[in-house]
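*Asks:* Structure, please.
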Amino acid sequence: MPWRILPKSLTAWLTLKDEEFHEHVGDFEGAQKARARLHFQGEAKQLGHMEALIRNDIDLNFAIQREAALQTELETLSAKKKLPAIFEPADATTSEKIRSRIQTTEAELRTLNETIWRLTRRTHAVLRQFPEGPLLRALKANRASTRWHMAPLLKEDCVGRDGCCARMCGCCTKPRSAARLKKGHCTSACACCERARGFAVEREESWEPTRIAFADGLDGCTDYMQRLMLAYCFGLRGTRRYNIVECKH
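*Replies:* Sure, this is the predicted structure:
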C-alpha cells in the first residue's frame, strides 16, 4: 500500500470508529457529524442521487399540498351545490358552472392521487440507488425521525420564502390532510400561504428551494446547495468545511 494512502485511510478508520461510538451511545449529532466527515472527506460522489432525492421530496410536497387545496375547494363547491333555493336563488348558469368546476376538480384530484402514488414509490427507488456507506447510513438515521424536515436550514428557508414557518401557523409540523401522513415545508401549492399572500404563485417562478441547477461535483456547488444537502441528508447545519457542522436537535 503506498504510504500516501495511509494518512487518509487512518483518518477514515478513526472517523468510522467515532461514528460507531456515538451510534452506540445514542448520540445522533455525533454520529451524523462523523458520517458527514466520512462522506465529504472521500470523493463525495452521489450528488446526483442527493439532488434526485431532494427534488422528489419537494415534488411530493407540492402534489400533496395541491391535493389538500383542491379537496377544500371541492368541499366548498359541493356545499354550494346543495344550498337550498331559499338561501340562493336558482340560477342555471351558476349551477352549471359549479357542476363543471366540481368535475374538473375531481379529475385533477384523481390525477394527483396517481402522481402522489408514483412520487412516494420513487422516494424508495431513489434511496435504493445510494450505495452502502456513510451517506446512506446518515439518510436512514435522519429520516427515522418524523421531524427530520424541521432542520434549522430548512425552517429558515421556509421563513425566507414567506412560508408557513414565517407565520408559525404550524402547517409545516403536521400532515396537510388526513389522507397523507407526510409532513413538509411549503411549496407554491400551499393554500395557507396563498390565503396569506392574497394571490397565487406559479411554480415556474422558482418559489421552491431546489428550482436551481445542481453542479456536478463539490467544487461547482454553491455553499447554499451544500448546506441544503447537509440539512436534507444529514439533518445538520454547516458550510463547505464539512468538519464544522451543527445538529438540528
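*Asks:* Could you check how far residue 13 is from residue 236?
*Replies:* Distance, residue 13 to residue 236, using C-beta to C-beta, to the nearest Å: 22 Å. From N, CA and C alone the C-beta is placed, and that goes for glycine too.
*Asks:* Helices of the protein, residue ranges please.
*Replies:* Here the chain has its helices, by DSSP state H, at 5-24, 28-41, 47-82, 92-129, 134-143, 152-160, 164-167, 191-197, 223-229.
*Asks:* List the buried residues in the fourth one.
*Replies:* By neighbour count on 16 or more other C-beta atoms under 10 Å, the buried set for helix 92-129 is 98, 102, 105, 112, 115, 116, 119, 122, 123, 126, 127.
*Asks:* Next, the angle helix 134-143 makes with that helix.
*Replies:* 130 degrees (axes from the mean of the first three to the mean of the last three C-alpha atoms, to 10 degrees).
*Asks:* elements contacting helix 92-129?
*Replies:* Contact here means 3 or more C-beta pairs under 8 Å, 6 or more residues apart in numbering; DSSP states H and E; on that basis helix 92-129 packs against helix 47-82.
*Asks:* Make CSV from the helices of the chain and add distance to residue 184 to it.
*Replies:* Listed next are the helices of the chain as CSV, based on distance: least, C-beta to C-beta, whole Å:
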stretch, distance to residue 184
helix 5-24, 27
helix 28-41, 20
helix 47-82, 4
helix 92-129, 12
helix 134-143, 12
helix 152-160, 9
helix 164-167, 11
helix 191-197, 13
helix 223-229, 14
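*Asks:* Tell me which of those helices lies nearest to residue 176.
*Replies:* helix 47-82 (4.2 Å; C-beta to C-beta).
*Asks:* mind showing which ranges of this protein have poor pLDDT?
*Replies:* 1-7, 42-46, 83-92, 203-222, 238-249 (pLDDT under 70).
*Asks:* Same drill for residue 13 and residue 236, tell me which one is more crowded.
*Replies:* When residue 13 and residue 236 are compared for neighbours, residue 236 comes out ahead with 26 against 10, by other C-beta atoms under 10 Å.
*Asks:* Roughly how far does the more buried one sit from residue 199?
*Replies:* To residue 199, residue 236 is 36 Å away according to C-beta to C-beta.
*Asks:* Could you do residue 113 as well?
*Replies:* Residue 113 is 27 Å from residue 199, by C-beta to C-beta.
*Asks:* now swap in residue 31 and tell me
*Replies:* Counting by C-beta to C-beta - residue 31 and residue 199 are separated by 45 Å.
*Asks:* and the closest residue to residue 11 other than its chain neighbours, how many neighbours does it have?
*Replies:* Excluding its sequence neighbours, the residue lying closest to residue 11 (C-beta to C-beta, 6 or more residues apart in numbering) is residue 41, at 6.9 Å. The local packing of residue 41 (other C-beta under 10 Å) involves 15 other residues.
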